[in-house]
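Asker: Provide a 3D model corresponding to the input given below.
(one chain, ligands or ions: 1)
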Amino acid sequence: MRMITAALIISLSISCLQPDTVPADSVAVVVDSTKTKMDSTSIAKSDEEWRKTLTPEQYYILRQKGTERPYTGKYWNSKETGLYKCAGCQAPLFTSDQKFDSHCGWPSFSLPWDSAAVAYTRDTSHGMIRTEVTCKKCGGHLGHVFDDGPPPTNLRYCINSDAMIFEKKE
Ligand SMILES: [Zn+2]
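Answerer: Here you go, the predicted model:
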């Protein structure tokens, strides 16, 4: 199992990062293979419980890996200063400091506020190979990370507005 995990990490790192353009100390995008078993998250809620506590839009994205339509979410164009938290469990995920205008229609960040805040899974759905980003604490689907962001990270965390709750900093 450990061998498989290591192989996944290596292959994904190669496919998702450009080693010649990403500094060694930047965040490595790795597959957290434990995530798929949902045992690395600290919140154990049944599907029914999630359905009751989330709005239909939040449930669709966080629990059913849905995607909101571009330019429709409440945060894609927000320039306010503050913290973006998980709509499922309130865990801090991203700060406005790392947000940038990617013109893709979803809130985009160059890094999570803490590398331990999110988990990564290889996603081969819809005929594409992408890296899914989930909340480390509750396992909720947030969006995907791509390697076409601005330097120095060159990463673009493309996150659904409805997966997050914004806490404005005065
Ligand atoms: Zn969460």
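Asker: how about low-confidence regions in the chain?
Answerer: For the chain, residues meeting the criterion pLDDT under 70 lie at 1-40.
Asker: where along it do the strands fall?
Answerer: Assigned by DSSP state E, the chain shows strands spanning 82-86, 92-95, 99-100, 108-109, 118-123, 130-135, 141-146, 156-159, 164-168.
Asker: now the residue nearest the centre of the chain. Nearest residue, chain neighbours left out?
Answerer: Computing the C-alpha centroid of the chain and ranking residues by C-alpha atoms, centre = their mean puts V133 first, at 3.1 Å. Counting by C-beta to C-beta, 6 or more residues apart in numbering, V133 lies nearest to L142, which is 4.7 Å off, once chain neighbours are set aside. No exception for glycine: its C-beta is placed from N, CA and C like everyone else's.
Asker: what sits against the one you found?
Answerer: L142 makes contact with 61-62, 86, 93, 118, 133-135, 157, 159-160, 163-164 under the criterion C-beta atoms under 8 Å, 6 or more residues apart in numbering.
Asker: again, only this time at 10 Å
Answerer: Neighbouring residues of L142 by C-beta atoms under 10 Å, 6 or more residues apart in numbering: 61-62, 65, 84, 86-88, 93-94, 107, 112, 117-119, 132-135, 157-160, 163-164.
Asker: close to the ion as well: tell me which of those qualify.
Answerer: C86, G88, C135 (C-beta under 5 Å from the ion).
Asker: enumerate every residue touching the second one.
Answerer: I take that to be G88. For G88, the contact set (C-beta under 10 Å, 6+ apart) comprises 41, 43, 45, 50, 53-54, 58-59, 61-63, 134-135, 137-142, 163-165.
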